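Asks: pasting the structure only:
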């Protein structure tokens with residue numbers, strides 16, 4: 001299975017949908033994100049990397065930073 005690796009500054013979304021979020025820190029498999037809700041209020045949350053997906057905004061050449069642990 002492919003492991004998702006995110007770094008501070010990446011723009012991510014929940015795999016199930018929702019707002020774009022900015023990664024503010026990475027603590028092991030816990031990804032700390034910030035975003036603005038529908039009322040413009042800044043929110044923060046901690047998510048497991050397995051439930052996040054990268055977006056093409058704010059990322060390097062590999063938009064999902066996928067690393068195959070089998071490689």
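Replies: Yep, it's here. Keep in mind that this is a model prediction, so the values were computed, not measured.
Asks: Can you find the helix or strand of the protein with the lowest average pLDDT?
Replies: strand 66-67 (a mean of 50; mean pLDDT, DSSP states H and E).
Asks: Can you tell me, leaving aside adjacent residues, what's nearest to the residue positioned nearest the centre of the chain?
Replies: Among the residues of the chain, the one closest to the centroid is residue 12, at 3.6 Å (Cα atoms, centre = their mean). Spatially, and ignoring its direct neighbours in sequence, residue 12 is nearest to residue 52 (4.6 Å; Cβ to Cβ, 6 or more residues apart in numbering). To be clear about C-beta, it is placed using only N, CA and C from the backbone, and glycine gets the same treatment.
Asks: Is the one you found bridged to anything, and to what?
Replies: Under DSSP bridges, the beta-bridge partners of residue 52 are residue 14.
Asks: State the pLDDT value of residue 5.
Replies: The model reports residue 5 with a pLDDT of 84.
Asks: Quick check: it vs residue 53, distance?
Replies: 12 Å (Cβ to Cβ, to the nearest Å).
Asks: Confirm that the residue nearest to the centre of the chain sits in a strand.
Replies: Yes: judged by DSSP: H, G, I helix; E, B strand; the rest coil, residue 12 forms part of a strand.
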